[in-house]
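Asker: I'd like to go over a predicted model; first the sequence, then the structure.
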Amino acid sequence: MTRRLDIALTDPERRHAARLAGRWNDLLYAPGPGFSSPLEPGVYTSSFIVLPGDGPALRVSSLVVPAFGGDLCRIRIEPLPDYRFETLGSLFEPSRRGLIYAMAPDRRTGGARPPDQPGWSIEDQALAGRLAAVTEVRVVRERIEGGRGDGAFSWVADRGLALTGPGGEQSLLLSRPDHDERAVLAAPLGLYSALVDPGAAAIPGASAAELLGYGDWAPPLSVSVEALSLPNADSSGNDA
């Protein structure tokens, strides 16, 4: 018998995700080590906070679920009624880099200071042009089947959100199976095109399985991905 697992978005999360279609006032991130990489321009890793044109701030992060001998994950979207704005960087205004907390050289005291190391904050062009007016949000859903006989397993997981900008620009918020709960933002898609565009050219070393984190899972493993449209948000809803 095949063991099956469904880690799709909850109904409230789907409604929160649908509300991301529209105007964004800002997209915030927590600065620090690992935020960006010189090897992948336009790819950032953080717990992101979207400030929609109306309604509460929404935190986008990863929910990790241990299963089948590994760690699975899905994207998580939740309202964030309270946060420390001054500690966060802005992907719309790169000059606002936020603060990090670090120990002093004597290792006896600590405090807040700007993120002054390469890769700890955004140093590229602002992303407001592609994300300040999102015209469509789609759910990136993975379907996995693996194993044989009594060891067979399968799961469905909502791994990310594909975002379309005002000029048709594509960006992606993708969960990752790490326990720091951070998500990945790819803007532009770059190698991650394979997860959003079925017609994207194949790139060696960047198959859907590898981009999703299953490149070293033991065969047989079948990986398929689809981007599903969300219904229009009900602006009268009051989901917690």
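Answerer: Nice, I can see it. All figures in this text were calculated on a predicted structure; none of them were measured in a lab.
Asker: can you name the next helix or strand after the longest helix anywhere in the chain?
Answerer: Taking residue count as the measure and DSSP state H as the definition, the longest helix of the chain comes out as helix 11-18. Downstream of helix 11-18, the next assigned helix or strand under DSSP states H and E is strand 22-29.
Asker: can you spell out which helices and strands pack onto the next helix or strand after that following strand?
Answerer: From strand 22-29 onward toward the C-terminus, using DSSP H and E, the following helix or strand is strand 43-46. With contacts taken as 3 or more Cβ pairs under 8 Å, 6 or more residues apart in numbering; DSSP states H and E, strand 43-46 sits against strand 183-186. (Glycine included, C-beta is placed from N, CA and C.)
Asker: ok now the strand it packs on, how far from the chain's centre?
Answerer: Distance of strand 183-186 from the chain centroid (Cα atoms, centre = their mean, to the nearest Å) equals 4 Å.
Asker: and the lowest-mean-pLDDT helix or strand in the chain, what does it pack onto?
Answerer: When the helices and strands of the chain are compared on mean pLDDT, DSSP states H and E, strand 110-113 comes out lowest with a mean of 74. Based on contacts counted as 3+ Cβ pairs under 8 Å, 6+ apart, the elements that strand 110-113 packs against are strand 100-103.
Asker: in its sheet, what does the strand it packs on sit against?
Answerer: With DSSP bridges as the test, strand 100-103 is paired with strand 110-113 (antiparallel).
Asker: now the strand it pairs with - C-alpha only, CSV.
Answerer: Extracted C-alpha coordinates of strand 110-113, given in CSV (Å, rounded to 0.1, in the frame of the first residue of the first chain):
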residue,chain,number,x,y,z
GLY,A,110,25.9,43.2,21.9
GLY,A,111,23.5,45.5,20.1
ALA,A,112,21.9,46.4,16.8
ARG,A,113,23.9,47.6,13.8
